[in-house]
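Asker: Next come a sequence and a model predicted from it.
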Amino acid sequence: MNYTDEELMQKAKAGELKCISILFDRYNVRLYNFFFQQTRDKGQSEDLTQNVFERIIKYRENYTEKKNFAAWIYAIARNVHMDIYRKKRFDLPGNDKVLSIADIPDETLTTEEIHSERLKIAMAQLNQDEQQLIWMTRFEKMKYAEVATVFNCSEGAIKAKIHRTMKNLKEVFFKINIDE
Amino acid sequence: MNKENKIIDYLEGQMSFEESIKFEQELKKDPVLKEEFATYQLMYNEVDQIKLEKPSITLKSNFDHLLETEIKNSRKTKTLTFRNIRNVAAVAAILVIGILVGQNWTQRSFISKIDSHNAELVSEMKRNMNSESVSGRIEALQVSHQFKSPENEVLKTLIKSMKNDESPNVRLAAVEALDNFAKEEIVRTAFVKQLSQEKDPFVLIALINTLSEQKVEKAIDPLQHITNANDVAKFIKDEAHMGLIKIEKI
Amino acid sequence: MKYLLTTIIMCVALIAGAQEYKVAHNGGKLILEGVDDVKIEAYDGSEVIFSINSKKDHKESERAAGLKPINSLGLEDNTDIGLSVSKDGENLKAIQIGQCMCRDNEGYTIKIPKSMGIDYSHSTYDSDHLRIKNVNKEIVVSTNYTNINLEDVTGPMSIKTVYGDIEAKFASLNQNSSVSLNSVYGFVDAAIPSTSKARLNLRTPYGQIYTDFDIKVETTDGMRSLTDKKIEGTVNNGGVDLILKSGYENIYLRKK
């Protein structure tokens, strides 16, 4: 009874709505973190995640079997995020929430924790597309071709974007000083 | 491509087996590259250790509620009546006729007004196409932008230059100039032909983009050929693949 | 100050073992094929001077001692700095033989007389950048991966690259013939004097266009044909064709 994401979505489309529940279990934590990484706001990240599943239920007819499910759900997630951004007409919280390492009580942190804080600060300096790209390619291990369908551009363009993103990240990552 | 791009491609697993062997050899020889590589490696290690946060329990309960409601609702089905469809179709037909009539009218009046002016432009363009310099020939091609409707002579000149000019920069400018007239069958046919002859990657990408935006179905075969060819760079294959998706609406 | 610095650098370079190849030439074009990481500057002189800063150690090529590298066209290094240089009609042609002899990304520095234009082409991974300075004759560039940086140029020119970024600072805008800068995956950034006259054609399907110029947008049938992705118009009442295009990145047109 171990269906792939794509098979489950096909069944849901055919009327077995319960299948979406399994997809929710597989994806809710990942999507929540996808949003949390960009917004640094727990309440909002839950709302956005909820919103994605609302759309999946509502637009289930639009899913075609050729589509990679992860790419499809992330394309929806991107739209959901974008809509909120447009409505508010200003940058989502996040970029100014984690600004300096000084805000974090340092004495209790291990070296490992300091490093991961450093990454958080560095990631916060990137723009939304860049943050999303890193999430999809590194955490989700999606192929460039799949990410390309999410961003609606060619695989070559994704490759060029990754080059830029990782260079930017490196730039900010090593600028952050940590007193150890 | 610069060093950093190579390092990133390597760490992203984007290199072929041969390329990565070559890269590893370079690493051994080049201490500067090695140092740069080490900083990227450190960063990638951090990135790959992103820790997950847990959402609260309400997320799950809210979703369950949402799904329950939808399951109940989906049992009541809606139907679209025949009368509705008929109304929509009638409105659409009127709109289409309106657009067609309007287009025809504006085009006709436009052509008659500036015919003699056009003839002058065409001969100027042809004269300048013989320029020795690349930028001179590109400038000549720019004249075509002044034609809002396709002139046979203009199209022929542009197509000739797309096919025969020795400079890829000029061929690119020709493709882009022709893009304005991409609705014309003669232009589409020329594009498709050029697709299998063009060797310059940039010109190829421009051709692929125009053909896929115009959804020219005749381009499907040559595009498929490109995606399967051995001697074509990967990024061109990517664009060709993307082009196929756009044309076939996969 | 700048000159002093250049002089010092040149002296240091000489001590470090910079190698040169000179050839008298005037007019026509300098044609460069597959030459890595080139820096070209026009100067008041009548020789084309090729130089590299410091040659690679030839440890790995002991086996090749006494032999010369040769490329697929059968051309050989006739300059001792890894280039095959020959006259080609009124032009001068240089082709790189094998891998670049330079260290890191330093590449070649080439000085050309002011009377010469440039025709540069490069198709592989190996060239990171091309820098051109002070050249007033026609520049034609076609690359796949190389970033292109132009300074104190005037046009006419036609630059195209698939992956590279293009950055161009114009001393003035030559009104004789067109200027076009095209990249598929890189950005295009052009700075021209604020009084320059030009007819613009800017286009980026997936990027954004930024400018501090007051562009007069061309009208058709009284309609402004303006979308943020494609702009046709004029600055300072129009002039030479200035074409800036990128497939996926931003276009910047700024006042210098």
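Answerer: Great, that's in hand.
Asker: Neighbouring strands - and their directions - for the helix or strand that contains residue C:109?
Answerer: Using DSSP states H and E, residue C:109 sits in strand C:108-113. In the sheet, strand C:108-113 lines up against strand C:38-43 (parallel), strand C:47-52 (antiparallel) (DSSP bridges).
Asker: what's in contact with that strand?
Answerer: The contact list for strand C:108-113 (Cβ atoms under 8 Å, 6 or more residues apart in numbering or on different chains) reads C:25-26, C:30, C:32, C:35-53, C:81, C:83, C:100, C:102, C:118, C:135. Glycine gets a C-beta too; all of them are placed from N, C-alpha and C.
Asker: Partner strands of the helix or strand following that strand, with direction?
Answerer: Tracing the chain past strand C:108-113, the next element assigned as helix or strand by DSSP H and E is strand C:117-122. In the sheet, strand C:117-122 lines up against strand C:29-33 (parallel), strand C:139-143 (parallel) (DSSP bridges).
Asker: can you pull the contacts of the residue nearest the centre of chain B?
Answerer: For chain B, the residue nearest the mean C-alpha position is residue B:209 (2.7 Å; Cα atoms, centre = their mean). Shown in contact with residue B:209 (Cβ under 8 Å, 6+ apart): B:239, B:243, C:205, C:247.
Asker: May I ask which helix or strand encompasses it?
Answerer: helix B:201-213.
Asker: So for that helix, what gets flagged as buried?
Answerer: By neighbour count on 16 or more other Cβ atoms under 10 Å in any protein chain shown, the buried set for helix B:201-213 is B:201-212.
Asker: that older thread, average model confidence for the strand holding residue C:109?
Answerer: For strand C:108-113, mean pLDDT is 95.
Asker: quick check: domain ranges of chain A?
Answerer: A:1-96, A:98-180 (automatic domain parsing).
Asker: again with chain B
Answerer: B:3-47, B:82-113, B:114-248.
Asker: secondary structure class for residue A:171?
Answerer: helix (DSSP: H, G, I helix; E, B strand; the rest coil).
Asker: Could you check how many residues crowd around it?
Answerer: Number of residues near residue A:171 (other Cβ atoms under 10 Å in any protein chain shown) recorded here: 11.
Asker: Distance of it relative to chain B?
Answerer: In this view, residue A:171 and chain B are 10 Å apart by Cβ to the nearest Cβ, to the nearest Å.
Asker: what does chain B have sitting close to chain A?
Answerer: Within chain B, the positions adjacent to chain A are B:4-5, B:8-9, B:12, B:14, B:39-40, B:43-44, B:46-56, B:58-60, B:62-64, B:66-67, B:70-71, B:74, B:234-235, B:238-239, B:241-242, B:250 by Cβ under 8 Å from any Cβ of the partner chain.
Asker: Surely residue C:158 is in a strand?
Answerer: Yes. Counting by three-state DSSP, residue C:158 falls inside a strand.
Asker: quick revisit: out of the contacts of residue B:209, which is nearest to chain A?
Answerer: Nearest to chain A out of the contacts of residue B:209 is residue B:239 (Cβ to the nearest Cβ; 5.2 Å).
Asker: what helix or strand does the closest one sit in?
Answerer: Here residue B:239 is covered by helix B:234-248, with elements defined by DSSP H and E.
Asker: Over to residue B:140?
Answerer: helix B:134-142.
Asker: does that helix come close to chain C?
Answerer: Yes. For helix B:134-142 and chain C, the contact criterion (Cβ under 8 Å from any Cβ) is met by B:134-136, B:138-139, B:142.
Asker: can you pick the most crowded of these?
Answerer: Scoring those on neighbours with other Cβ under 10 Å, the highest-scoring entry is residue B:138 at 31 neighbours.
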